[in-house]
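**Q** Generate coordinates for the sequence data below:
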Amino acid sequence: MGGGPGRPPSRSPRLAFTVAGLCVFAGAIILILVFILTSALPSNSANNQAQQPTATSAPQQTPTDATPTADPTEEETATPTATPTETANYPASQYIDKAQMANALDEKTAKVTQPGDKFKVGDKIYVAFALHPGKSGTVCLSWYMNSAKFSDYEFDSDGTALPAYSYSITHATGPGYVEIYWASSKSCSDKQLAQKVKFTVS
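**A** Here you go, the predicted model:
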């Protein structure tokens with residue numbers, strides 16, 4: 001007896017499912033490896049931030065343990081002169097006055113030791129001022145380089161009259177200025193301009 005009409009040889013469905021399963025498994029392993037490798041790489045946003053100007057600002061109302069030291073490797077330059085506040089009478093100048101830029105100051109007392117308004121990239125750009133609000137509130141500082149704001153900083157005052165300072169660091173060059181405001185709270189929503197002082201970074 002021989003057979004009937006010709007039937008094609010049957011293929012094993014088990015082999016097809018095994019091959020498909022191996023492909024899915026290999027794809028999953030590849031995706032996991034790609035995820036792990038890309039997670040270990042630095043993000044682009046960190047690289048972009050390194051190219052933008054950075055700023056820090058730190059007001060001091062209480063003494064710190066920091067002691068300024070002179071760098072003997074720096075060249076001696078002409079004696080800098082004090083940079084007084086512009087003569088304009090600002091709305092909140094009764095709370096904050098005598099603002100001046102400084103290349104160096106005593107961080108314990110906020111007393112300017114080296115007045116000046118010319119800085120190099122990466123230097124601390126100090127602004128010192130007299131604070132005498134007579135009431136509690138907030139000092140709000142806005143720092144600008146080439147007419148573009150690069151930093152904001154605010155700190156509370158309990159109303160005590162005292163010398164104060166803040167500083168910023170930038171990696172941009174050009175003309176700059178700092179505006180010092182008085183406000184009733186840290187939101188600085190009702191801030192009033194007290195002082196504006198110019199400086200240059202090269």
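
**Q** So in terms of bridging, what pairs with residue 100?
**A** Going by DSSP bridges, residue 100 is paired in beta bridges with residue 128.

**Q** That one reaches residue 127, doesn't it?
**A** Yes: using Cβ atoms under 8 Å, residue 100 is in contact with residue 127, at 7.3 Å. Every residue, glycine included, has its C-beta placed from N, CA and C.

**Q** Comparing those two, which residue is more hemmed in?
**A** residue 127 (29 against 21; other Cβ atoms under 10 Å).

**Q** Could you find the closest non-adjacent residue to the more buried one?
**A** Nearest residue to residue 127, sequence neighbours excluded (Cβ to Cβ, 6 or more residues apart in numbering): residue 178, at 5.1 Å.

**Q** shared neighbours, residue 100 and residue 127?
**A** Common neighbours of residue 100 and residue 127, counting by Cβ atoms under 8 Å, 6 or more residues apart in numbering, are residue 197.

**Q** I figured the residue nearest to residue 127 hits residue 145, correct?
**A** No: checked against Cβ under 8 Å, the pair residue 178 and residue 145 is beyond contact range at 10.3 Å.

**Q** what's the host helix or strand of the residue nearest to residue 127 in contact with?
**A** According to DSSP states H and E, residue 178 maps onto strand 174-183. With Cβ under 8 Å, 6+ apart as the test, strand 174-183 has contacts from 92, 95-96, 99, 101, 125, 127, 129, 133, 137-146, 154, 166, 168, 170, 188-201.

**Q** for stretch 131-142, same thing?
**A** With Cβ under 8 Å, 6+ apart as the test, stretch 131-142 has contacts from 57, 59, 61, 95-97, 127, 149, 151-164, 166, 178-186, 188, 191.

**Q** where's residue 197, which helix or strand?
**A** strand 192-201.

**Q** ok and that strand relative to strand 174-183, angle-wise?
**A** Relative orientation of strand 192-201 versus strand 174-183 (axes from the mean of the first three to the mean of the last three Cα atoms, to 10 degrees): 160 degrees.

**Q** Can you list the strands that strand 192-201 pairs with?
**A** Taking DSSP bridges as the criterion, strand 192-201 forms sheet pairs with strand 118-119 (parallel), strand 174-183 (antiparallel).

**Q** buried ones in that strand?
**A** Within strand 192-201, the residues scored as buried using 16 or more other Cβ atoms under 10 Å are 192-197, 199-201.

**Q** Turn the residues you listed into TSV, including pLDDT and distance to residue 17.
**A** Output for those, formatted as TSV (pLDDT from 0 to 100; distance: Cβ to Cβ, whole Å):
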residue	pLDDT	distance to residue 17
192	97	77
193	97	76
194	97	78
195	97	79
196	97	77
197	97	77
199	98	74
200	98	75
201	97	69
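
**Q** Let me know the closest of these to residue 121.
**A** Of all the buried residues of strand 192-201, residue 121 sits closest to residue 201, with 6.1 Å by Cβ to Cβ.
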